[in-house]
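S.K.: Got a predicted structure here, sequence first:
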Amino acid sequence: MRAVLLLCAVVLAGCTLRGGDLAKPAVAGAGANPITGDAVEVSTLAAPGAADAAVAAPNPAASAAPTAVAVAPPVAEEPAPVVLPQELACLKKGGQWAAAGNAASKACVQRTKDGGKFCRKESDCDGYCLATSNTCAPVTPLFGCNDILQDNGVRVTLCID
């Protein structure tokens, strides 16, 4: 503890013993710039209110001319998106209208009631029985190529685009 106090005392003593020009407050505009070595240039600001008076003075030529007001063009409202009857029917059934496969078309994708449940054949599920996991598919229809178990339990690859 004494060593820490002694160290603090030495550091503080060093700060106060520097003396010279560093201990004196700097006077603006006097002497050289300590960073670049060049003389510091000092300038004065205009008196407060002088700049405001120049701005506030009316221009007689400007007051004679009529002023034009810029009016922004009216903003056109975006038309409501077109909702297809198939999309409405899908949403009413609880499905989601989404991109389908590799085509640019859309289809109704619905969650199955038994998604993730163990299965041995297609009739065990609302949708398809996935062969790789022996579980019911979480959604229907399944797009892309998927290995499924048919109703007779035979494994096949089903591709829907």
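M.R.: Cool, got the structure.
S.K.: Direction included, what does the helix or strand encompassing residue 109 pair up with?
M.R.: Following DSSP states H and E, one finds residue 109 within strand 106-111. Sheet pairing for strand 106-111, assigned by DSSP bridges, gives strand 96-99 (antiparallel), strand 139-140 (antiparallel).
S.K.: next SSE after it?
M.R.: Later in the chain than strand 106-111, the nearest helix or strand by DSSP H and E is strand 129-130.
S.K.: a markdown table please, covering the strands paired with strand 106-111 and showing mean pLDDT.
M.R.: Putting those into a markdown table (pLDDT from 0 to 100) gives the following:
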| stretch | mean pLDDT |
| --- | --- |
| strand 96-99 | 88 |
| strand 139-140 | 92 |
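S.K.: Most tightly packed of the ones you listed?
M.R.: strand 139-140 (a mean of 16; mean count of other C-beta atoms under 10 Å). Any C-beta I mention is one placed from the backbone N, CA and C, and that applies to glycine too.
S.K.: In a strand, residue 72, correct?
M.R.: No - using DSSP: H, G, I helix; E, B strand; the rest coil, the secondary structure at residue 72 is coil, not a strand.
S.K.: And the strand holding residue 109, what's buried?
M.R.: For strand 106-111, burial by neighbour count (16 or more other C-beta atoms under 10 Å) applies to 107-110.
S.K.: May I see the strands paired with strand 106-111 arranged in TSV, with distance to residue 129 as well?
M.R.: What follows is the strands paired with strand 106-111, written out as TSV (distance: least, C-beta to C-beta, whole Å):
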stretch	distance to residue 129
strand 96-99	22
strand 139-140	12
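S.K.: can you confirm residue 86 is in a strand?
M.R.: No - under three-state DSSP, residue 86 sits outside any strand and is assigned helix.
S.K.: and it, what does it touch?
M.R.: Residue 86 sits next to 97, 108 when contact means C-beta atoms under 8 Å, 6 or more residues apart in numbering.
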